[in-house]
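Peer 1: Give me the fold of what follows.
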Amino acid sequence: MLRLENCLIENGGFALHADLTVDRGSLIAVIGPSGAGKSTLIEAVAGFRQLSSGAIHWNGTSLTQVEPGKRPVAMLFQDGNLFPHLTVVQNVGLGIRANLRLDATQRVQVQAALVRVGLQDMAGRKPAALSGGQQSRVALARVLVQGRDLLLLDEPFAALGPALKAEMLDLVAELVAENGATLLMVSHDPSDARRIADQVVLVADGQVHPPMETASLLDNPPPALKAYLG
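Peer 2: Just a heads-up that it's a prediction; the model follows:
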């Protein structure tokens, strides 16, 4: 269980308040107006942004002072963060060891992840030789090999076309279900939430609202969300 307890997250002159609980294994879409603080929220969970006050707990253990690399978190960013000079298999291997000195078991783990995302025949290619969708799959495979309990997505598929984005979202949902991970997915598109999210967290007016059932919230949006959705 993820618990954000009376958290104040500040970013320059912007302040975001969060007090909520996310059940383990949930698929959560984080939505709200542009600039409301969606990315700020998951950056705080990942440890890239410090709390001004409050605490973050995972399964009863405080993460508040834990370094980002030591948190049970894997994060997928908007640009995928692939290294252009490395091959697909090397980019995925970075998820296990930054120096890429992998033992036999770890190399098998990387190959299994590439099979799972359908890129087993492209292990030797570099990112420039891949399509946008294939690059997204490489980034997802790198997250997969980390085996973390919390998966944070910051609109990594926003640049993809509708059909390819839907395919990637379905793959994410499958992987999360297989691994029992908890998903927090930032999105500006309510259809993404409807597609794979059990619940939605609304971020608006400096406040992170507790999770609500997806269809219920989107079918009967509060004023802040209604204004955003138009």
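Peer 1: C-alpha only now, for contacts and for neighbours.
Peer 2: Noted.
Peer 1: if I look at the residue of the chain most remote from its centre, how far off is Gly93?
Peer 2: The outermost residue of the chain relative to its centre, with distances by CA atoms, centre = their mean, is Ala104 at 28.4 Å. Separation of Ala104 from Gly93 (CA to CA, to the nearest Å) stands at 12 Å.
Peer 1: residue ranges of the helices in the chain, please?
Peer 2: 38-46, 88-93, 104-116, 132-146, 162-179, 190-196, 214-219, 223-229 (DSSP state H).
Peer 1: Alpha carbons only: can I get the last one in CSV?
Peer 2: What follows is helix 223-229, C-alpha atoms only, in CSV (Å, rounded to 0.1, in the frame of the first residue of the first chain):
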residue,chain,number,x,y,z
PRO,A,223,-16.2,21.3,-11.5
ALA,A,224,-12.4,21.4,-11.8
LEU,A,225,-12.3,18.3,-14.0
LYS,A,226,-15.3,19.3,-16.0
ALA,A,227,-13.6,22.6,-16.9
TYR,A,228,-10.5,20.7,-18.0
LEU,A,229,-12.5,18.1,-20.0
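Peer 1: rewinding a little: mean pLDDT for the helices of the chain: which is lowest?
Peer 2: Least confident of the helices of the chain, judged by mean pLDDT, is helix 223-229 with a mean of 80.
Peer 1: What residues of it count as buried?
Peer 2: If you call a residue buried by 16 or more other CA atoms under 10 Å, then helix 223-229 has these buried ones: Leu225.
Peer 1: Centre of the chain to that helix, how far?
Peer 2: Centroid displacement of helix 223-229 relative to its chain, using CA atoms, centre = their mean, to the nearest Å, is 23 Å.
Peer 1: Can you name the residues in contact with it?
Peer 2: Gly32, Pro33, Leu202, Ala204, Asp205 (CA atoms under 8 Å, 6 or more residues apart in numbering).
Peer 1: Among the residues you listed, which one lies nearest to Val66?
Peer 2: Leu202 (26.1 Å; CA to CA).
Peer 1: before we move on, back to that, out of the helices of the chain, which is the most enclosed?
Peer 2: The highest average neighbour count among those, using mean count of other CA atoms under 10 Å, belongs to helix 88-93 at a mean of 26.
Peer 1: Please list the outside residues in contact with that one.
Peer 2: 82-83, 100, 102, 107, 110-111, 114, 122-127, 138-139, 141-143, 145.
Peer 1: What separation is there between the residue nearest to Val117 when sequence neighbours are not counted and Leu150?
Peer 2: Excluding its sequence neighbours, the residue lying closest to Val117 (CA to CA, 6 or more residues apart in numbering) is Arg137, at 5.9 Å. Arg137 sits 18 Å away from Leu150, going by CA to CA.
Peer 1: re the thing from before, same list, the helices of the chain, but as JSON lines with distance to Asn6 please.
Peer 2: Formatted as JSON lines, the helices of the chain follow (distance: least, CA to CA, whole Å):
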{"stretch": "helix 38-46", "distance to Asn6": "13"}
{"stretch": "helix 88-93", "distance to Asn6": "36"}
{"stretch": "helix 104-116", "distance to Asn6": "37"}
{"stretch": "helix 132-146", "distance to Asn6": "29"}
{"stretch": "helix 162-179", "distance to Asn6": "28"}
{"stretch": "helix 190-196", "distance to Asn6": "26"}
{"stretch": "helix 214-219", "distance to Asn6": "23"}
{"stretch": "helix 223-229", "distance to Asn6": "21"}
